[in-house]
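1. quick one: sequence plus predicted model below, questions after.
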Amino acid sequence: MRSPITDYLTEALDGVRDDDSGELAGYIPELASADPGRLAAVFATADGETYSAGDAEVAFTIQSISKPFVYALAIADRGLDAVLEKVGVEPSGDAFNELSLEDDTGRPLNPMINAGAIAAHTLAGKKGLDPAARLARIVDGLSAFVGRRLEVDEAVFSSEMETANRNLAFAYMLRSHDILEEDPVAVVEGYTRQCSLLVTTADLAVMAATLANRGVQPVTGEQVVPAPVVRQVLSVMSTCGMYDAAGDWATQVGIPAKSGVAGGLIGALPGQLGIATFSPRLDRHGNSVRGVSLFERFSTDMGMHLM
Ligand code: DON
């Protein structure tokens, strides 16, 4: 339905449409063949309204945007102390696909980089779950954030596993430090399936709105994770969500955010709004080029910067 807000979003998309800079995520063959022209933006309010423009219902894989939500499930399921024992909260200043372990403990520096997300993946669900049951907990949990049942894109999963040598190497390193306590290959398979869950931009906006709404899904009313868990997650998104571009993001946009290599990008404005954009071409940090431009515009136009 048209409204002044959807008109604003449509105009914002038109403002970035011609920017064809950046590259598709070439290291995952299936993502390298995505349609680079796709473009969408969605606002989802903390009281359950949604405003969409562009390709808001086109499905793509969630990739690293799964990381803050799985981190939230891990804290909810195991408690913050148990999670902090295995994954830190410090920005790495390096790319998402660098190892970035703490010298003395072997903990990954934070749960937004791949090594930290692989560790966090194993902490979702009760201790001792087998890989399939743990993945089921993750799919159920992320589906509750969205408010509909999510499914894995098996083609993207298989494609990413073919080139997952770096993540496998990280998992073996984590195993050697006893950060992982189980088979590294099975862990990377589970983590890669988590990244291969299909979502739309509209889904991502509602997931972000659930974070903005202190863990209560604005449409279903379900408290998906407790409010103190959300505070922890948003804090880590603020400092680490945009990887080695976190400083630029903090100064220019100024809200907690997370990107994914399929081109999704979310931001949460606590108490108010979840925002999601989709545009597959990425900058050198692995963040969507046109997504970053859109968020810069939203932040300026609406005074969203939290500082
Ligand atoms: O582990 C990987 O490399 C991917 N499944 C996720 C990386 C990602 O989305 C980085 N974000 N911009």
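-> Sure, I can see it.

2. am I right that D153 is in contact with Q194?
-> No: look at D153 against Q194 with C-beta atoms under 8 Å: they stay out of range, at 11.7 Å. In this view, the C-beta of every residue, glycine as well, is placed from N, C-alpha and C.

3. more neighbours, these two?
-> With other C-beta atoms under 10 Å as the criterion, D153 and Q194 differ in neighbour count, and Q194 comes out ahead with 26 against 20.

4. next up, the contacts around the residue nearest to the more buried one when sequence neighbours are not counted.
-> What sits nearest to Q194 in space, not counting adjacent residues and going by C-beta to C-beta, 6 or more residues apart in numbering, is S66, at 5.0 Å. Remark: with contacts taken as C-beta atoms under 8 Å, 6 or more residues apart in numbering, S66 is in contact with A117, I138, L142, Q194, C195, L197, G260.

5. does the fourth one touch L135 like I think?
-> By that I understand Q194. Yes: taking C-beta under 8 Å as the contact criterion, Q194 and L135 are neighbours in contact, 7.1 Å apart.

6. ok so G267 is a strand residue?
-> Yes: note on G267: a strand contains this position according to DSSP: H, G, I helix; E, B strand; the rest coil.

7. dump stretch 194-210 to PDB, restricted to CA.
-> C-alpha atoms of stretch 194-210 as PDB (Å, rounded to 0.1, in the frame of the first residue of the first chain):
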ATOM      1  CA  GLN A 194      22.500 -21.400   9.200                       C
ATOM      2  CA  CYS A 195      24.000 -18.900   6.700                       C
ATOM      3  CA  SER A 196      22.000 -20.500   3.800                       C
ATOM      4  CA  LEU A 197      18.600 -19.800   5.300                       C
ATOM      5  CA  LEU A 198      16.400 -18.000   2.800                       C
ATOM      6  CA  VAL A 199      14.900 -14.600   3.900                       C
ATOM      7  CA  THR A 200      13.400 -11.600   2.200                       C
ATOM      8  CA  THR A 201      14.100  -8.000   2.900                       C
ATOM      9  CA  ALA A 202      10.700  -7.800   4.600                       C
ATOM     10  CA  ASP A 203      11.700 -10.700   6.800                       C
ATOM     11  CA  LEU A 204      15.000  -9.000   7.800                       C
ATOM     12  CA  ALA A 205      13.200  -5.800   8.700                       C
ATOM     13  CA  VAL A 206      10.900  -7.600  11.100                       C
ATOM     14  CA  MET A 207      13.900  -9.500  12.600                       C
ATOM     15  CA  ALA A 208      15.600  -6.100  13.100                       C
ATOM     16  CA  ALA A 209      12.400  -4.700  14.600                       C
ATOM     17  CA  THR A 210      12.300  -7.600  17.100                       C
END
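
8. distance of the closest residue to E296 other than its chain neighbours relative to H305?
-> The spatially closest residue to E296, leaving aside those adjacent along the chain, is Q252, at 5.4 Å (C-beta to C-beta, 6+ apart). Relative to H305, Q252 is positioned 8 Å away (C-beta to C-beta, to the nearest Å).

9. shared neighbours, those two?
-> Between them, Q252 and H305 have S299 as joint contacts when contacts are counted by C-beta under 8 Å, 6+ apart.

10. where do the helices sit along the stretch 51-200 of the chain?
-> For the stretch 51-200 of the chain, the helices defined by DSSP state H, counting those that start in this stretch cover 66-78, 80-84, 114-121, 131-146, 154-162, 165-176, 184-195.

11. out of the ones you listed, flag the one nearest D35.
-> Across these, the minimum distance to D35, taken as C-beta to C-beta, is reached by helix 154-162, at 14.3 Å.

12. alpha carbons of that closest one, as PDB, please.
-> As requested, C-alpha coordinates have been extracted for helix 154-162 and formatted as PDB (Å, rounded to 0.1, in the frame of the first residue of the first chain):
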ATOM      1  CA  GLU A 154      20.500 -26.400  -0.200                       C
ATOM      2  CA  ALA A 155      22.100 -25.200  -3.500                       C
ATOM      3  CA  VAL A 156      23.800 -22.300  -1.800                       C
ATOM      4  CA  PHE A 157      24.800 -24.500   1.100                       C
ATOM      5  CA  SER A 158      26.400 -27.100  -1.200                       C
ATOM      6  CA  SER A 159      28.100 -24.400  -3.200                       C
ATOM      7  CA  GLU A 160      29.600 -22.700  -0.100                       C
ATOM      8  CA  MET A 161      30.800 -26.000   1.300                       C
ATOM      9  CA  GLU A 162      32.800 -26.600  -1.900                       C
END
